[in-house]
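Chemist: sequence-free structure coming up:
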């Protein structure tokens, strides 16, 4: 009898537990760890335009440790839209699932709109829309998601065909410098290649569609789509190509929608269903010109203060990214595994023959500011971003100019600490400075701080965000005595 009572009691507790769990809604950023729930929909698809992965297949691939280093096609129903930025970046964060109920969602992180175009109205996508997306699959801190820069191929069956439509423009050109292939001809020849087949080097011309994805860091390449006449209907992908003469893209080198380009490289029928120009191609001309007007100098952009009166060189956030010398990389809005207590996880770079190190830093996504983002927390040291010069300057520091950015619509002002000392990574002696504020032509205002060190003898400094809220560094200028 006692055993029967215990059994009934255990059954009642179990029933209560299961009932309670059903009432708890899943968070937006669902975590898929190894002990997560099973996938209710059968995984299907081949990752191609003709047969995109469903969300279950995407989850299966990533959980198996097979995150893709190339873009794949996947299809799902939008179940949650977290954010649509219609400003400078024009991207969105949203979730897709195989069902409208939103079970087992997959996160599209900072993805572009139809055919790679920027979001401009915020009404381009809605919950319930069925989308086909082209992007890379990854996992970050347990969250399954795309890498930034994916693009929507179709919405409810309408949109780009990724090169599978019959071009309305006749194929033309001979693939030479004097007579480049047009996009229609490049597609025709590429589709005729065997699976993963490559051609010899040829010249192709077209007009850029959408926003190019340009890396000015260690890789220095760009991925973008071109079409005949700038139409978004039939496009040809230029995959991870270099700038003029095969050189890496540098800060300031710009490509944009509407630019007419000639590119030199090999045609590739990737997987037998994705025509593109193979990695390693190079630009021949942009709008008839064979060099960038802005050659990627040390300035951080037109909207930032010029730093008049400073005699030092400008270390912009672009140069901080491109100057990387370690294995740790700078991601966008993600601090990765950077640990303030473990120097091996710190980001390291070199500028003007000086080595710098930092932790809890990344590239801002533009939501609250642009530039190098430093995490901030007033009480938790593990979340206090910082960077410092690891090498001593050749002379004592006279002054340091720091330029921070903040969204114009924000009432927040940068709040951080500036330390100086006679050894690397000082954190004791702080220097204060009052900022001057200037509004740029775009979305941001800029705070310029000049820290006067002329009365002391210091060869090291630390910029530390031991305050509340992230700070966004545009550039820093060190002037020596």
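Modeler: Yep, that arrived. What you see is a predicted model, and the numbers here were worked out from it, not measured in a lab. Residues are numbered from 1 along each chain as shown.
Chemist: residue 459 contacts residue 391, doesn't it?
Modeler: No. The pair residue 459 / residue 391 is not scored as a contact, 9.1 Å apart, by C-beta atoms under 8 Å. No exception for glycine: its C-beta is placed from N, CA and C like everyone else's.
Chemist: more neighbours: these two, which one.
Modeler: Set residue 459 next to residue 391 and count neighbours by other C-beta atoms under 10 Å: residue 459 wins out with 19 against 14.
Chemist: ok, for the more buried one, nearest residue in space, not its chain neighbours?
Modeler: residue 392 (4.2 Å; C-beta to C-beta, 6 or more residues apart in numbering).
Chemist: cool, residue 439 as well?
Modeler: Per C-beta to C-beta, 6+ apart, closest to residue 439 is residue 445, 4.6 Å.
Chemist: list the beta-bridge partners for that neighbour.
Modeler: Taking DSSP bridges as the rule, residue 445 bridges to residue 406, residue 439.
Chemist: how close does the residue nearest to residue 459 get to residue 478?
Modeler: 12 Å (C-beta to C-beta, to the nearest Å).
Chemist: same question, residue 386
Modeler: Counting by C-beta to C-beta, the gap from residue 386 to residue 478 is 16 Å.
Chemist: and the helices in the stretch 201-350 of the chain?
Modeler: In the stretch 201-350 of the chain, helices defined by DSSP state H, counting those that start in this stretch lie at 317-322, listed in chain order.
Chemist: in it, which spans are strands?
Modeler: In the stretch 201-350 of the chain, the segments counted as strands under DSSP state E, counting those that start in this stretch are 222-227, 236-244, 260-270, 274-277, 282-286, 314-316, 347-351.
Chemist: of those strands, which is nearest residue 397?
Modeler: strand 314-316 (13.6 Å; C-beta to C-beta).
Chemist: and the closest one, what other elements does it pack with?
Modeler: Packing partners of strand 314-316 (3 or more C-beta pairs under 8 Å, 6 or more residues apart in numbering; DSSP states H and E): strand 471-480.
Chemist: buried ones in the strand it packs on?
Modeler: Neighbour counts over strand 471-480 (16 or more other C-beta atoms under 10 Å) mark 471, 472, 473, 474, 475, 476, 477, 478, 479 as buried.
Chemist: and residue 442, which of the three is it?
Modeler: Secondary structure, DSSP: H, G, I helix; E, B strand; the rest coil: residue 442 is coil.
Chemist: quick one: it and residue 369 touch, right?
Modeler: No. Counting by C-beta under 8 Å, residue 442 does not reach residue 369; the two are 11.8 Å apart.
Chemist: who's more crowded, these two?
Modeler: residue 369 (27 against 15).
Chemist: pretty sure that one is in a helix, no?
Modeler: No. With three-state DSSP as the criterion, residue 369 is coil rather than part of a helix.
Chemist: got a list of what it touches?
Modeler: Residue 369 makes contacts with 404, 405, 406, 407, 444, 470, 471, 472, as judged by C-beta atoms under 8 Å, 6 or more residues apart in numbering.
Chemist: quick revisit: JSON lines please, covering the strands of the stretch 201-350 of the chain and showing mean pLDDT.
Modeler: Listed next are those as JSON lines, based on pLDDT from 0 to 100:
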{"stretch": "strand 222-227", "mean pLDDT": "90"}
{"stretch": "strand 236-244", "mean pLDDT": "92"}
{"stretch": "strand 260-270", "mean pLDDT": "93"}
{"stretch": "strand 274-277", "mean pLDDT": "87"}
{"stretch": "strand 282-286", "mean pLDDT": "95"}
{"stretch": "strand 314-316", "mean pLDDT": "85"}
{"stretch": "strand 347-351", "mean pLDDT": "91"}
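Chemist: make a markdown table out of those strands and add distance to residue 205.
Modeler: Output for the strands of the stretch 201-350 of the chain, formatted as a markdown table (distance: least, C-beta to C-beta, whole Å):
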| stretch | distance to residue 205 |
| --- | --- |
| strand 222-227 | 8 |
| strand 236-244 | 10 |
| strand 260-270 | 5 |
| strand 274-277 | 12 |
| strand 282-286 | 9 |
| strand 314-316 | 33 |
| strand 347-351 | 37 |
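Chemist: closest to residue 322 out of these?
Modeler: Of all the strands of the stretch 201-350 of the chain, strand 347-351 comes closest under C-beta to C-beta, at 8.2 Å.
Chemist: next one: that closest one to chain centre, how far?
Modeler: Its chain's C-alpha centre and that of strand 347-351 lie 19 Å apart, by C-alpha atoms, centre = their mean, to the nearest Å.
Chemist: got it, and stretch 140-154?
Modeler: 10 Å.
Chemist: what about that stretch, average pLDDT?
Modeler: For stretch 140-154, mean pLDDT is 86.
Chemist: report the buried residues of that stretch.
Modeler: Result for stretch 140-154 [16+ other C-beta under 10 Å]: buried residues 144, 145, 146, 147, 148, 149, 150, 151, 152, 153, 154.
Chemist: just to revisit the earlier point, need the overlap of contacts for residue 442 and residue 369.
Modeler: With C-beta under 8 Å, 6+ apart, residue 442 and residue 369 have no common neighbours.
Chemist: any regions of the stretch 151-300 of the chain where pLDDT drops low?
Modeler: 159-168, 232-233, 294-300 (pLDDT under 70).
Chemist: if we use 80, what do you get?
Modeler: 159-168, 211, 217-218, 230-234, 271-274, 293-300 (pLDDT under 80).
Chemist: could you do the stretch 1-150 of the chain as well?
Modeler: Using pLDDT under 80, the stretch 1-150 of the chain drops low at 1-41, 65-70, 87-89, 115-116, 140-142.
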